[in-house]
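S.K.: Attaching a predicted model along with its sequence, questions to come.
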Amino acid sequence: MTFAVDAVSNRGATRFSDIIYEKIVGMIADGKFPVNERLPSETKLAADFGASRPVVREALERLRTDGLIVSRKGSGSYVRQRPDSSMLKMVPVGSLADVQRFFEFRAGLEAEAAELAARNWQPADKERITAALLAIEQCLKNGELGAEEDQALHDAIAMATGNQFHITVREWFRPHFAIGHSVTRSLSLKRTPEQIRSVQDEHAVIVEAIFARRETEAHDAMKRHILNARARMFQGV
């Protein structure tokens with residue numbers, strides 16, 4: 001069996017691995033590569049996708065990082081979990097790897113923002129952050145998505161840094177932030193009530209640390225929250 005993948009130049013090798021990565025994610029989500037089953041060898045995947053082994057290896061490494069596959073010494077790579085196939089429908093075609101990389105970027109950026117917010121917040125910031133947190137809580141009670149409310153909370157924390165560049169970056173990359181918030185909130189509605197509550201609990205921990213001016217705790221709580229959101233993208237059936 002072979003899979004059609006457009007050839008690209010050497011300069012686009014990284015992008016080619018992204019395409020293969022996304023195709024394998026889709027095949028796992030569709031059940032073509034079942035959970036606990038062994039993936040085809042690197043050589044076989046390279047032949048099927050018309051790619052070099054280093055390109056396939058790069059794609060597999062990202063799958064391991066995302067927790068979708070696991071390596072067993074001397075045996076190969078096995079499917080660890082099957083993501084919800086609806087996740088792929090929410091992400092623009094060909095951009096899944098970039099969405100994941102943006103979560104990595106956010107983990108550093110927003111952790112620093114939370115730390116600065118804990119140091120610098122003013123009464124007006126506290127009001128904005130509290131209102132945003134309560135708005136998300138109301139969305140949970142109403143069974144609503146709450147993506148805009150979620151984004152508003154993170155915006156309010158950025159404003160509380162007192163550093164205009166944190167606000168500017170969020171404006172520059174607003175479409176990227178919006179995709180991340182929308183996907184994770186949409187998928188969260190399919191989770192158990194306990195899983196849904198855990199996301200809001202993460203917000204509460206961040207806000208509590210900020211208001212208490214515990215800078216390191218705020219930093220670490222935000223970083224955990226963003227990385228957890230990234231991981232939740234691949235939690236599925």
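M.R.: Received, thanks.

S.K.: Show me the domain layout of the protein.
M.R.: For the chain, the TED database gives the domain ranges 9-84, 89-233.

S.K.: Which of the ones you listed comes out lowest on mean pLDDT?
M.R.: Among these, domain 9-84 carries the lowest mean pLDDT, at a mean of 86.

S.K.: still on that earlier bit, can I get the domains of the chain in CSV with mean neighbour count?
M.R.: The C-beta positions use only the backbone N, C-alpha and C, and glycine is treated the same way. CSV is the format used below for the domains of the chain (neighbours: other C-beta atoms under 10 Å):
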stretch, mean neighbour count
domain 9-84, 17
domain 89-233, 18
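
S.K.: Skip the chain neighbours and tell me the closest residue to Thr43.
M.R.: Arg53 (6.6 Å; C-beta to C-beta, 6 or more residues apart in numbering).

S.K.: who are the neighbours in contact with that neighbour?
M.R.: Contact analysis of Arg53 by C-beta atoms under 8 Å, 6 or more residues apart in numbering lists 42-43, 46.

S.K.: which one of those residues is nearest Arg72?
M.R.: Nearest to Arg72 among the contacts of Arg53 is Glu42, at 14.2 Å by C-beta to C-beta.

S.K.: which stretches of this protein form helices?
M.R.: 13-29, 42-49, 53-65, 86-90, 96-120, 123-142, 147-160, 164-172, 174-188, 193-211, 215-232 (DSSP state H).

S.K.: chain center to the fifth one: distance?
M.R.: Just to be clear, that refers to helix 96-120. Helix 96-120 has its C-alpha centroid displaced from the chain centroid by 11 Å (C-alpha atoms, centre = their mean, to the nearest Å).

S.K.: cool, and the second one?
M.R.: From the chain centre to the centre of helix 42-49 is a distance of 28 Å (C-alpha atoms, centre = their mean).

S.K.: elements contacting it?
M.R.: If you count contacts as 3 or more C-beta pairs under 8 Å, 6 or more residues apart in numbering; DSSP states H and E, helix 42-49 packs onto helix 13-29, helix 53-65.

S.K.: which one of those helices lies closest to Ala158?
M.R.: Closest to Ala158 of the helices and strands packed on helix 42-49, according to C-beta to C-beta: helix 53-65, at 26.9 Å.

S.K.: CSV please, covering the helices of the chain and showing distance to Tyr78.
M.R.: Below are these laid out as CSV (distance: least, C-beta to C-beta, whole Å):
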stretch, distance to Tyr78
helix 13-29, 11
helix 42-49, 14
helix 53-65, 11
helix 86-90, 21
helix 96-120, 21
helix 123-142, 36
helix 147-160, 34
helix 164-172, 39
helix 174-188, 24
helix 193-211, 25
helix 215-232, 19
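
S.K.: Minimum distance to Asn36: which of these has it?
M.R.: Nearest of the helices of the chain (C-beta to C-beta): helix 13-29, 11.5 Å.

S.K.: so that closest one versus helix 42-49, what angle?
M.R.: Helix 13-29 runs at 100 degrees relative to helix 42-49, counting by axes from the mean of the first three to the mean of the last three C-alpha atoms, to 10 degrees.
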